[in-house]
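Chemist: got a sequence here, can you model it:
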Amino acid sequence: MARRPSTVSVASIGSIKNLAELSHLTSASTFAPSPSAPNFPRSVPSTHFSSVQSTKVQDETADIDPDELFAKCTIPEVKAKQVQLRSDAEAKQEELRVMVGERYRDLLQASTSIISMSKSARRVEEAFQETKDAIASRQQPSRENRTSNVGKEDSHLQTLQVLSAHIKLLLDAPEHLWRLIEREKYFHATWLFMLARVVHRALSHDDDQDEDSWLNQGINIMEQFPLIQRQWETISHFRSQIAHRATLSLRIHEKSPEDTCATILTLHILESRPLTDTLTTYLSQRTRTMHTSVSNNSIITTTATSNGVPTTKCTSPNDRLQEVKSSLLILVEVISRTVNCARNVFQSLRPKQPALAIRVLEQMHTESLAVSNSETALPSELALSTQTILSGLPSSSYFTLLPADIRSYKPYIELSSASSSVPGHFLEDKLRTWFDQSCSILRDSLDRWLLQLDSVKSVWNVRTSLRKWLLTSGLVKTEQTALDTLFEEAIRKRVSAIWTDTIHRAKELFLKALSTLTASSGVVAEEFSPLNSIYVPQSVPPPPLTGSGPAAYEHPYQTYRTVLQSQLRCRTPRLQTFLNILEESAASLQKDYTRISLDQSSKRLARNLVEAYLPEAKAFCSLIADALASTTDELMKQSDTGPAIRNMIFLSRVAVEISLTSPFLNNIGCDEVVALQIRDKTGLLFDRIINRWREHTTSSAISGYDDAKFHSTLSGPSPALMESLHALSTSLHSLGLTHHPSQLTSIASSLLSLFINKFTRDIPNGDTSRNIQMLNDANFLRCLALVWPSEVLETSSLDRLIAALQSEVQSSGGHLQPDPEQAAKEYLMRTQMLLSALLPPSSSMQPAKEGADKISALLTYGVPGADTTFLSAVELAKVSTRFPLLLVETR
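Modeler: Below is the predicted model:
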């Protein structure tokens with residue numbers, strides 16, 4: 001490769017003075033160029049054009065002799081050439097100056113490097129000379145000494161290799177111990193730690209009398225290799241680390257029996273603990289696991305507010321259920337895994353096979369063929385050897401240089417010692433004690449966590465999960481029975497508490513609703529009206545939006561269905577609210593009982609629950625009857641009888657619904673005797689209210705009739721009588737007994753009978769016209785009474801009144817109707833729809849004749865004649881003179 005020519009020789013530039021001389025020489029050589037003149041490939045950009053021009057001129061005048069130039073050119077031309085050449089020389093000088101300024105640092109660095117290279121070369125030369133002198137001065141050994149020295153050197157080399165294998169194991173141990181601890185392989189870490197301790201002892205304990213000692217090999221370990229002691233001090237700290245981490249790992253209940261056995265043997269071998277002590281440590285750590293599970297899985301989380309009052313974090317019922325189930329399953333899993341794992345490790349599961357821990361210790365104790373076979377049966381994490389540990393270290397093939405006693409090392413185990421075994425009775429006593437303590441913790445946690453479940457369905461879901469887990473728990477029969485009893489008792493207590501809370505809540509709501517009917521509340525119950533309650537159409541819910549889910553269709557129509565059912569049962573909204581308090585709670589209890597009874601495994605539990613629940617149900621039913629009676633007594637003491645009567649009628653409807661139609665008594669779970677007693681109490685209460693209502697209604701009707709004035713004599717009953725009878729009929733409808741015809745019929749007959757008795761007893765004497773009108777009223781009442789069976793309603797008092805009035809009218813010269821009974825029947829035909837509540841039901845009348853028209857079928861007491869003059873049953877206002885002027889659309 002061609003070397004690039006340098007513009008300036010570095011060796012020729014030693015100082016600033018040399019640079020100035022070089023500049024002068026360059027300037028002078030412009031007029032007489034030579035091949036040795038320096039050539040600068042780099043130039044300053046500002047002088048680039050002038051240097052190019054000067055180079056061209058120089059090329060043109062390079063071969064011209066000055067004498068020839070003066071001969072060929074004139075003097076002005078020579079002067080021009082001189083000026084041109086002088087400017088070119090100045091340009092070259094400027095280029096040199098710029099180049100030196102740019103490469104000054106490079107020149108200094110190059111000079112420094114040259115000086116350093118010179119010194120290094122001098123030192124190398126001196127070293128070669130010293131080596132040459134040393135080789136020349138050394139004597140040549142004899143042939144025999146050379147052979148013996150070679151043998152000694154080979155033996156010493158082997159000793160050093162063995163020593164290096166020892167040291168390498170100590171150097172590699174800390175990192176590998178950390179790796180094993182992080183992977184929770186504490187048994188492996190223990191074996192490696194004890195192997196490192198054996199290696200350290202082999203290096204540190206040196207005996208002069210031993211031919212194979214390090215001192216006899218010419219090596220003083222502690223003086224020549226202080227690293228060994230420092231490395232062992234590093235490794236020795238791992239003992240406490242391994243023991244501490246292994247103890248903490250016993251709290252992890254998800255570990256397999258093999259891993260747990262390895263951890264227990266770690267404590268047994270590393271700290272020389274008896275196996276009985278390791279069992280105690282294992283159980284105590286699992287107790288801490290249970291306490292940690294209880295504290296970490298607490299369901300209620302409270303946060304302090306600004307005023308210091310703790311508030312409960314609200315969660316959905318489904319979330320609470322899942323939290324309770326997961327927390328309980330974790331807790332019982334800790335119990336089962338702890339007990340089962342202890343039996344797998346310390347107890348012999350087969351007659352001729354020792355426990356797992358004993359088998360591992362036997363494998364460590366001896367290396368016979370039988371043990372070798374049993375070793376193959378051990379899990380891989382328990383079938384350890386020094387070769388297995390060494391193979392996991394980096395460059396494991398190098399450890400083949402270790403002595404055979406180290407490569408075959410096994411921790412010392414004394415199988416005949418009591419510390420290497422756990423008696424069976426000791427194991428069972430420990431497990432029984434720990435199991436009882438754990439059951440106590442589980443019982444407290446179960447009672448506390450079940451308090452967060454508000455429904456029997458959720459509680460039963462937890463019970464199903466616990467029983468399903470119990471079948472696969474692997475516990476012995478006695479332990480399964482103890483846990484099953486614990487679960488059943490906790491479930492029974494919680495279900496009983498939920499049912500009791502349901503009854504108490506319904507009790508409070510019902511008493512609160514009853515308190516709104518007292519005089520202090522100022523609330524008056526609404527009056528039942530068939531037109532406003534039964535025959536009012538309900539608005540159909542609109543269809544949901546397109547794409548809505550099934551819930552959008554179901555909920556509105558379920559609400560619509562409930563409203564229709566309440567309307568068909570003649571229940572007003574307020575009455576429905578009252579009865580919903582009782583019926584919904586009873587339906588919830590019945591649903592819970594049905595769910596419990598369907599489970600075949602809960603027959604005994606269901607029986608115990610019913611036995612504990614029945615007293616509460618009986619007391620609740622008795623309280624309802626007593627509360628209705630006490631509220632009725634308070635209403636009967638009020639002076640304002642109008643609102644009180646309306647509230648009492650409402651209470652009578654509540655009583656009759658509870659007694660006859662409501663499913664409350666059937667769902668609440670009371671026996672027949674208690675239900676019969678409650679029906680008797682509500683029946684008596686209903687009769688009391690009806691008697692008070694009957695007295696009030698008839699007294700009001702009679703007082704209205706007595707205060708009426710008769711302006712003219714009519715051929716039929718008077719408007720005052722019709723208003724009184726209509727008031728009685730309206731009052732009967734307001735009872736809301738449309739779906740109880742037998743009670744309504746009995747009340748109607750007794751009400752009409754009481755009205756007739758008051759009418760015949762309290763009628764004052766009057767003039768002839770009044771007596772005639774009273775006679776017509778009496779005849780109409782007699783006609784109305786005759787439609788009832790004779791055993792239900794007697795007419796003897798009316799007969800005596802009619803006879804007395806007829807005699808008074810005749811004695812005073814009054815005119816009697818020719819056929820008053822027929823006139824009364826005609827009038828009854830016209831008013832049978834108006835007074836329908838005071839008439840017996842149509843089923844008691846004779847059926848309509850075959851072929852009769854629809855009107856005859858509807859008007860069971862006869863169809864009035866169309867040509868008969870219309871007579872109003874009540875007094876009507878006179879027609880205004882402006883009434884004919886109203887515009888009426890004709891179609």
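Chemist: wait, what's in contact with Asp454?
Modeler: If you count contacts by Cβ atoms under 8 Å, 6 or more residues apart in numbering, Asp454 has them with Pro317, Ile498. Any C-beta I mention is one placed from the backbone N, CA and C, and that applies to glycine too.
Chemist: I'd guess it is in a helix, am I close?
Modeler: No. Assessed by DSSP: H, G, I helix; E, B strand; the rest coil, Asp454 does not belong to a helix; its assignment is coil.
Chemist: run through the strands of the protein in chain order.
Modeler: Per DSSP state E, the chain has strands spanning 302-304, 310-312. These are given in chain order.
Chemist: compare the ones you listed and say which comes out lowest on pLDDT.
Modeler: When the strands of the chain are ranked by mean pLDDT, strand 302-304 comes last with a mean of 40.
Chemist: and the pLDDT for Asn691?
Modeler: In the predicted model, Asn691 carries a pLDDT score of 92.
Chemist: likewise Ser391?
Modeler: pLDDT, read off for Ser391, is 87.
Chemist: for it, grab the count of nearby residues.
Modeler: 11 (other Cβ atoms under 10 Å).
Chemist: spatially central residue in the chain, please.
Modeler: Asp319 (3.0 Å; Cα atoms, centre = their mean).
Chemist: distance of that one from Gln452?
Modeler: 10 Å (Cβ to Cβ, to the nearest Å).
Chemist: Val324 contacts Val462, correct?
Modeler: Yes. Using Cβ atoms under 8 Å as the test, Val324 is close enough to Val462 to be in contact (6.0 Å).
Chemist: ok, what's across the strand from Arg350?
Modeler: When bridges are assigned using DSSP bridges, the partners listed for Arg350 are Gln353.
Chemist: give me the number of residues near it?
Modeler: Arg350 sits with 7 neighbouring residues when counted by other Cβ under 10 Å.
Chemist: contacts for stretch 341-357, please.
Modeler: Residues lying outside stretch 341-357 but in contact with it, judged by Cβ under 8 Å, 6+ apart, are 255, 257-258, 260-261, 264-265, 268, 275, 279, 282-283, 358-359, 362, 382, 422, 424, 427, 430-431.
Chemist: only the C-alpha atoms, please, for it, written as CSV.
Modeler: Below are the C-alpha coordinates for stretch 341-357, written out as CSV (Å, rounded to 0.1, in the frame of the first residue of the first chain):
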residue,chain,number,x,y,z
CYS,A,341,-50.0,-33.0,56.1
ALA,A,342,-48.9,-33.8,59.7
ARG,A,343,-50.2,-37.3,59.3
ASN,A,344,-48.5,-37.8,56.0
VAL,A,345,-45.1,-36.6,57.3
PHE,A,346,-45.1,-38.1,60.8
GLN,A,347,-47.5,-41.1,60.7
SER,A,348,-47.1,-44.4,58.9
LEU,A,349,-49.8,-44.7,56.4
ARG,A,350,-49.1,-48.4,55.7
PRO,A,351,-48.3,-51.2,58.1
LYS,A,352,-44.9,-52.0,56.8
GLN,A,353,-43.9,-48.6,55.5
PRO,A,354,-42.5,-46.0,57.9
ALA,A,355,-43.6,-42.4,57.9
LEU,A,356,-42.3,-40.1,55.2
ALA,A,357,-39.9,-38.2,57.5
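Chemist: and that stretch, how far out from the chain middle?
Modeler: In terms of Cα atoms, centre = their mean, to the nearest Å, the centre of stretch 341-357 is set 41 Å apart from its chain centre.
Chemist: same thing with stretch 574-585?
Modeler: Computed by Cα atoms, centre = their mean, the separation of stretch 574-585 from the middle of its chain amounts to 33 Å.
Chemist: tell me the mean pLDDT for that stretch?
Modeler: pLDDT averaged over stretch 574-585 gives 88.
Chemist: one more: stretch 353-369?
Modeler: 77.
Chemist: over to stretch 159-170?
Modeler: pLDDT averaged over stretch 159-170 equals 85, rounded to a whole number.
Chemist: what residues sit buried inside that stretch?
Modeler: Thr159, Val162, Leu163, Ala165, His166, Ile167, Lys168, Leu169, Leu170 (16 or more other Cβ atoms under 10 Å).
Chemist: so, low pLDDT: which residues of the stretch 151-300 of the chain?
Modeler: The stretch 151-300 of the chain contains residues with pLDDT under 70 at 151-154, 206-213, 215-218, 297-300.
Chemist: the helices in it, which residues?
Modeler: With DSSP state H, counting those that start in this stretch as the criterion, the stretch 151-300 of the chain has helices at 186-204, 221-224, 227-236, 238-249, 257-270, 275-296.
Chemist: cool, the stretch 451-600 of the chain as well?
Modeler: When assigned using DSSP H, counting those that start in this stretch, the helices of the stretch 451-600 of the chain occupy the ranges 456-471, 477-515, 530-533, 550-568, 573-598.
Chemist: could you dump the helices of the stretch 151-300 of the chain to JSON lines with distance to Val540 and mean neighbour count?
Modeler: What follows is the helices of the stretch 151-300 of the chain, written out as JSON lines (distance: least, Cβ to Cβ, whole Å; neighbours: other Cβ atoms under 10 Å):
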{"stretch": "helix 186-204", "distance to Val540": "74", "mean neighbour count": "21"}
{"stretch": "helix 221-224", "distance to Val540": "102", "mean neighbour count": "13"}
{"stretch": "helix 227-236", "distance to Val540": "86", "mean neighbour count": "15"}
{"stretch": "helix 238-249", "distance to Val540": "68", "mean neighbour count": "17"}
{"stretch": "helix 257-270", "distance to Val540": "67", "mean neighbour count": "23"}
{"stretch": "helix 275-296", "distance to Val540": "53", "mean neighbour count": "17"}
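Chemist: figure out which of these is closest to Asn608.
Modeler: For the helices of the stretch 151-300 of the chain, proximity to Asn608 was assessed by Cβ to Cβ; helix 275-296 is nearest, at 27.5 Å.
Chemist: other residues contacting the closest one?
Modeler: Here helix 275-296 makes contact (Cβ under 8 Å, 6+ apart) with 247-248, 250-253, 260, 264, 267-268, 273, 327, 330-331, 334-335, 338, 342, 346, 357, 419-422, 426-427, 430-431, 434, 437-438, 441-442, 445.
Chemist: contact partners for Leu446?
Modeler: Taking Cβ under 8 Å, 6+ apart as the contact definition, Leu446 lies against Leu328, Leu486, Phe487, Ala490.
Chemist: could those go into TSV alongside distance to Leu735, pLDDT and neighbour count?
Modeler: As requested, those are exported to TSV (distance: Cβ to Cβ, whole Å; pLDDT from 0 to 100; neighbours: other Cβ atoms under 10 Å):
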residue	distance to Leu735	pLDDT	neighbour count
Leu328	55	93	23
Leu486	56	94	17
Phe487	53	93	22
Ala490	50	94	23
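Chemist: tell me which two of those sit farthest apart.
Modeler: So, the contacts of Leu446 by Cβ to Cβ: farthest apart are Leu328 and Leu486, at 11.3 Å.
Chemist: what about the nearest residue to Thr500 once chain neighbours are set aside, neighbour count?
Modeler: Counting by Cβ to Cβ, 6 or more residues apart in numbering, the nearest residue to Thr500 once its immediate chain neighbours are dropped is Glu616, at 5.6 Å. Here the count is done by other Cβ under 10 Å, and Glu616 has 18 residues near it.
Chemist: likewise for Leu453?
Modeler: Close neighbours of Leu453, defined as other Cβ under 10 Å, add up to 22.
Chemist: do you know how far it is from Val324?
Modeler: Using Cβ to Cβ, one gets 6 Å for the distance from Leu453 to Val324.
Chemist: joint contacts of these two?
Modeler: With contacts taken as Cβ under 8 Å, 6+ apart, the residues that reach both Leu453 and Val324 are Val462.
Chemist: still on that earlier bit, mean pLDDT lowest where, among the helices of the stretch 451-600 of the chain?
Modeler: If the helices of the stretch 451-600 of the chain are sorted by mean pLDDT, helix 530-533 sits at the bottom with a mean of 62.
Chemist: how about Ile668: what's its closest non-neighbour residue?
Modeler: Ranked by Cβ to Cβ, 6+ apart and with sequence neighbours excluded, the top spatial neighbour of Ile668 is Ala586, at 4.4 Å.
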